[in-house]
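A.B. asks: Need coordinates for the below:
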Amino acid sequence: MPSFAHYQPAHRQRLQELLGMPQWRRLAECGTLDRLAADVTTPPAQPDLQKAASAYLIHVNGPAVRALIDEGVTDEDQLTEALGDWPAALAGGERFPIVFLGLAVTMDCSFSPRCVYCNQHWVAGELALADWKRIVAEAAEPAPPYVYITGGEPLILGSDIWGDDGLAAFATQLGCAVNINTNAELITPEVALQLTKIGLARLHISLDTPDPQLQDHLLGGAGRTDDVLAGVYNVQIARELLGVNHPQIHVNCVLTSENILQFPDLLRFLLEIRQVRPLGSQGSPEAGEFFMGEFAFHLIPVGGADNADLRPTAEQWKRFYSETWAQAEDIWHEYQLAADVPTAEQRPLTGSLGVAASPFLRVDHRMDLDEYCRHAARGEYWGGALSQRCLVAGCQAFILPDGSQHWCGGRAITRPAPLGNVREATIRETIRANISRLAECPNEFCTGCAGATCVINQVSQRELQDQIRQWLQQRQPSPNPQPPAE
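C.D. replies: Model (predicted):
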């Protein structure tokens, strides 16, 4: 019997009680646990999503840019533009990496009615499992991408997603770190064990408030909060039983006018149920090593024109960033103290649990907070953070259930004309055929971004600029040249 010693006492007792329920007892009695524990896959390492695009551009375009510097070109903007030139990078026919691969495997959902803020638009037709595997296999060479499986509700496809021969296991075996974005309702004990056994790297689940009644309302039905939490707890039990720390659980919190000021209470709840320290190699808590990855949260402003009535007001946004966030920071600081995190290892909320922290703090905006709040109240969250051009889309793809291919997840929601269809061409063929169109980005279809692409573009721009400055500095003559040796 696992001790759950690295959880807080109240949640430890909750998990122990759940482990005694009939579903878990049956799995233990029939030998399923022993069989799975002997065959657990370790998740592959995730590529550096923030720096992979710039690294590839520097690798491919670097020689030509250094030649320009040798010819006397010193204009940083001109050189940076040349270094980030995707058409030039793909001109040589090299098999370029796909760093991020988003797969919306279905538009169906187990929730009916759906979450009140759901803004998914239906597409007809669905690819077969063999098609999805072919897409992943193509993307996995020369370097495995981060595979993001979403929907609708992907787990509605059952063992085609979580089975030994399912999509997640197939991608993992090819070296891909795999994430599943799920409402968690369908994560039974059996599914939780299987997701852990096949080496799933991460689960994204949605929790917006600690208030069960409000959460049920946002999820579209009574009792759904309990269903979601049951799925989360099943994953925690499965990890404990199999002696591993995967899949990590991340939390998507959709900020609406109804829950935006409850964020500190949500954070407190998440800290009460999260894993405090990682399991060691023998399944025991590992003293002195703080587990930062569990329940990292992603604050997502409510999107979609149909959700205008759910948007926070400018005043609510201002209060969130001037008061509510400070309250959450205090809660996080107190938590680290209580967990005996050494002072030197303590982190601010932004950048630790806030891996995708908040819409305003996450990226650099060309506006102050007051102006941002006015834009946010109109549903314009990223206009002031968009880069002059997109540096990341050349090495990523997002595929919808009908096979249509888009540059990114944001555009898969706003739905401009697709770049192509994976039924008719490979991912890379479609990217090459459309790479000149990347110059059209950013445009009106980019403003619905959930934020990740904005972050990566800003990081990529800085990486390219830093590389240009380094090369220019290396080109400059030494201020104190040494006389030639006699």
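A.B. asks: all contacts plus neighbour counts: C-alpha atoms, from now on.
C.D. replies: OK.
A.B. asks: To what extent is residue 416 buried, counted in neighbours?
C.D. replies: 12 (other C-alpha atoms under 10 Å).
A.B. asks: how about low-confidence regions in the stretch 1-150 of the chain?
C.D. replies: Judged against pLDDT under 70, the stretch 1-150 of the chain has no low-scoring part.
A.B. asks: which residues touch residue 268?
C.D. replies: residue 331 (C-alpha atoms under 8 Å, 6 or more residues apart in numbering).
A.B. asks: where does it land in three-state SS?
C.D. replies: Secondary structure state of residue 268, per DSSP: H, G, I helix; E, B strand; the rest coil, is helix.
A.B. asks: just checking, what packs against the strand ranked longest in the chain?
C.D. replies: Identified as the longest strand of the chain according to DSSP state E is strand 248-255. When contacts are defined as 3 or more C-alpha pairs under 8 Å, 6 or more residues apart in numbering; DSSP states H and E, strand 248-255 packs onto strand 202-206, strand 296-301.
A.B. asks: Which one of the ones you listed lies nearest to residue 386?
C.D. replies: strand 296-301 (16.2 Å; C-alpha to C-alpha).
A.B. asks: For that closest one, list every residue counted as buried.
C.D. replies: 296-301 (16 or more other C-alpha atoms under 10 Å).
A.B. asks: now the angle between strand 202-206 and the longest strand of the chain, please.
C.D. replies: Relative orientation of strand 248-255 versus strand 202-206 (axes from the mean of the first three to the mean of the last three C-alpha atoms, to 10 degrees): 30 degrees.
A.B. asks: oh, and call the first residue 12 from now on, that's how I've got it
C.D. replies: Understood, numbering begins at 12; the last thing we discussed is strand 259-266.
A.B. asks: re earlier: worst mean pLDDT among the helices and strands packed on strand 259-266?
C.D. replies: Set side by side, the helices and strands packed on strand 259-266 differ in mean pLDDT, and strand 307-312 is lowest with a mean of 88.
A.B. asks: so where is the stretch 162-311 of the chain shaky, pLDDT-wise?
C.D. replies: 290-303.
A.B. asks: and if we set it to 50?
C.D. replies: Applying pLDDT under 50 to the stretch 162-311 of the chain flags residues 292-301.
A.B. asks: before we move on, the earlier item: and the longest strand of the chain with strand 307-312, angle?
C.D. replies: 20 degrees.
A.B. asks: got the CA positions of strand 259-266 in PDB?
C.D. replies: Output of strand 259-266 as PDB, limited to C-alpha atoms (Å, rounded to 0.1, in the frame of the first residue of the first chain):
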ATOM      1  CA  GLN A 259       2.700  15.700 -14.900                       C
ATOM      2  CA  ILE A 260      -0.500  17.500 -14.500                       C
ATOM      3  CA  HIS A 261      -0.900  21.100 -15.800                       C
ATOM      4  CA  VAL A 262      -4.000  23.200 -15.200                       C
ATOM      5  CA  ASN A 263      -5.700  25.400 -17.800                       C
ATOM      6  CA  CYS A 264      -7.700  28.200 -16.100                       C
ATOM      7  CA  VAL A 265     -10.000  30.200 -18.400                       C
ATOM      8  CA  LEU A 266     -10.300  33.700 -17.000                       C
END
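A.B. asks: if we look at it, which residues are touching it?
C.D. replies: 212-220, 243, 304-313, 322-323.
A.B. asks: nearest residue to residue 236 other than its sequence neighbours?
C.D. replies: residue 227 (5.6 Å; C-alpha to C-alpha, 6 or more residues apart in numbering).
A.B. asks: which residues does that neighbour contact?
C.D. replies: Residue 227 neighbours (C-alpha under 8 Å, 6+ apart): 233-236.
A.B. asks: so it is in which element?
C.D. replies: Assigning secondary structure by DSSP states H and E places residue 227 in helix 223-230.
A.B. asks: What are the buried residues along that helix?
C.D. replies: Those buried within helix 223-230 under the rule 16+ other C-alpha under 10 Å are 225-230.
A.B. asks: I'd like these as a markdown table, with distance to residue 103 appended.
C.D. replies: As requested, the buried residues of helix 223-230 are exported to a markdown table (distance: C-alpha to C-alpha, whole Å):
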| residue | distance to residue 103 |
| --- | --- |
| 225 | 55 |
| 226 | 52 |
| 227 | 53 |
| 228 | 53 |
| 229 | 50 |
| 230 | 49 |
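A.B. asks: Tell me what angle the longest helix seen in the chain forms with strand 307-312.
C.D. replies: Ordering each helix of the chain by length in residues (DSSP state H) puts helix 463-486 first. If you take the same axes, to 10 degrees, helix 463-486 sits at 110 degrees to strand 307-312.
A.B. asks: Would you mind listing the outside residues contacting helix 463-486?
C.D. replies: 60-62, 64-65, 69, 77, 80-81, 85, 87, 90-91, 94-95, 367, 373-375, 393, 396-398, 401-403, 419.
A.B. asks: Helices - which of these land there?
C.D. replies: Among the contacts of helix 463-486, the residues falling in helices (DSSP H) are 64-65, 69, 77, 80-81, 87, 90-91, 94.
A.B. asks: which residues sit in contact with residue 337?
C.D. replies: So residue 337 contacts nothing (C-alpha under 8 Å, 6+ apart).
A.B. asks: Assign it to helix, strand or coil.
C.D. replies: helix.
A.B. asks: Would you check how far apart it and residue 76 are?
C.D. replies: 45 Å (C-alpha to C-alpha, to the nearest Å).
A.B. asks: rewinding a little: next, format the contacts of residue 227 as JSON lines and append distance to residue 155.
C.D. replies: Supplementary listing: these in JSON lines, determined by distance: C-alpha to C-alpha, whole Å:
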{"residue": "233", "distance to residue 155": "41"}
{"residue": "234", "distance to residue 155": "39"}
{"residue": "235", "distance to residue 155": "35"}
{"residue": "236", "distance to residue 155": "35"}
